[in-house]
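*Asks:* fold the following and give me the result.
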Amino acid sequence: MHIPDNYLSPATCAVLGAAMVPVWTLSARRVRSGLPRAKMPLLGIGAAFSFLVMMFNVPLPGGTTGHAVGAVLVAALLGPWAACIAVSVALLIQALLFGDGGVLAFGANCFNMAFVMPFLGSFAYRFLKDRLRGGRGELVALGVAAYLALDTAAFCAAVEFGLQPALARDAAGLPLYCPYPLAVSVPAMMIPHLLVAGFVEVLFTVGVFAFLKRVSPGSLHEGAKTRIPAVYGLVALLAGLSPIGLLASGTAWGEWGAGEIKGIVTAGRPLGFVPAGMRTGFSLEALFPDYAMPGLSEWLGYVLSAVAGVALLVIAFKLAGLLWKSEPGKV
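*Replies:* Next up is the predicted model:
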């Protein structure tokens, strides 16, 4: 679901980026004024959970791959405003350091995964939780919210892809950016997410939430004991297991490079051309593209990338906790 650069027109990127500015601004204010300083490290841990789960690619129908996002998990732990900040920072590190998601498309990716997912998921979770009593009801509510939120975010990405052929064409009438219309992009994105990726999101969200509720209830409820070592232990375990994501072969739909897209077969025939905007558009060489590190095996590079990403996120939010003045309350 990480939209690369040059799949969306500059105008589309600008509109979605501009739409996120007030969201980020308000989210930062709400976190700064409402999140207790003692919980700032949990914000970094939430960002780390999101960063790590997005490294666990799973095979999807049609020969593509996908992943969970974890935005609803963070929203359930700390609220949607905090989740927006946490997931946005995770996406920024992925784009700049690892080339996972575009730099120009950063606003679009945040709109889908750091805005739509946590806010819709939080609303659905709270709505269902009030009607499903007990511990099991809470987990059912969280699972349904996670499934709904991921699939809605995937639909938003599909629409953003599918609108491009109508928004930007060259003199010959060929699409300048994503060449697939809504009739192709929506089913190509939605069928695999509805059938597989949505349930992966449910398993991760409910599984981690249940784990935290059992071993570190203070992560969920004020006044309860928070066992940070147990939480960090789970983060370390996920980082160590991250190379499992390498087992899924293929590329996520809509994330092909300019050199690949010409030969991608859709509706029984290859595309046959490279859109001009993709061929000559913006390009930023990431420091560790595809989570690989020079001179290291693919698996070791993946683990070290996971560790580096988690360390950056935890340190960044710890520093934020030292710099920001916060007051007790809820986000």
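*Asks:* and the pLDDT for residue 109?
*Replies:* Confidence per residue is given as pLDDT, and for residue 109 that number is 98.
*Asks:* show me what contacts the residue nearest to residue 150 when sequence neighbours are not counted?
*Replies:* Here the nearest residue to residue 150 in space, its sequence neighbours aside, is residue 201; by Cβ to Cβ, 6 or more residues apart in numbering that works out to 4.2 Å. The way it works is simple: take the backbone N, C-alpha and C, and place the C-beta from them, glycine included. Residue 201 makes contact with 68, 69, 70, 72, 146, 147, 149, 150, according to Cβ atoms under 8 Å, 6 or more residues apart in numbering.
*Asks:* need these in CSV (columns: secondary structure).
*Replies:* Converted to CSV, the contacts of residue 201 look like this (DSSP: H, G, I helix; E, B strand; the rest coil):
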residue, secondary structure
68, coil
69, coil
70, coil
72, helix
146, helix
147, helix
149, helix
150, helix
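*Asks:* how about low-confidence regions in the stretch 101-250 of the chain?
*Replies:* Within the stretch 101-250 of the chain, the segments meeting pLDDT under 70 span 218-226.
*Asks:* show me the strands in the stretch 51-200 of the chain, by range?
*Replies:* Counting by DSSP state E, counting those that start in this stretch, the stretch 51-200 of the chain has strands at residues 58-60, 64-66.
*Asks:* same thing with the stretch 201-331 of the chain?
*Replies:* Going by DSSP E, counting those that start in this stretch, the stretch 201-331 of the chain shows strands at 265-266, 269-270.
*Asks:* weakest of the ones you listed by average pLDDT?
*Replies:* The lowest average pLDDT among these, as it happens, falls on strand 265-266, at a mean of 83.
*Asks:* buried stuff in stretch 92-109?
*Replies:* By neighbour count with 16 or more other Cβ atoms under 10 Å, stretch 92-109 contains the buried residues 92-95, 97-109.
*Asks:* of the strands of the stretch 51-200 of the chain, which stretch is the most buried?
*Replies:* The densest packing among the strands of the stretch 51-200 of the chain, expressed as mean neighbour count by mean count of other Cβ atoms under 10 Å, is seen in strand 64-66 with a mean of 23.
*Asks:* pairing partners for it, with directions?
*Replies:* Based on DSSP bridges, the pairing partners of strand 64-66 within the sheet are strand 58-60 (antiparallel).
*Asks:* ok, and what's touching the partner strand?
*Replies:* Counting contacts by Cβ under 8 Å, 6+ apart, the residues outside strand 58-60 that touch it are 65-67, 192-193, 195-197, 200, 245, 248-250, 253.
*Asks:* could you dump those residues to a markdown table with distance to residue 28?
*Replies:* Shown next, in a markdown table, are the contacts of strand 58-60 (distance: Cβ to Cβ, whole Å):
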| residue | distance to residue 28 |
| --- | --- |
| 65 | 33 |
| 66 | 30 |
| 67 | 26 |
| 192 | 34 |
| 193 | 30 |
| 195 | 37 |
| 196 | 34 |
| 197 | 30 |
| 200 | 30 |
| 245 | 31 |
| 248 | 35 |
| 249 | 39 |
| 250 | 37 |
| 253 | 33 |
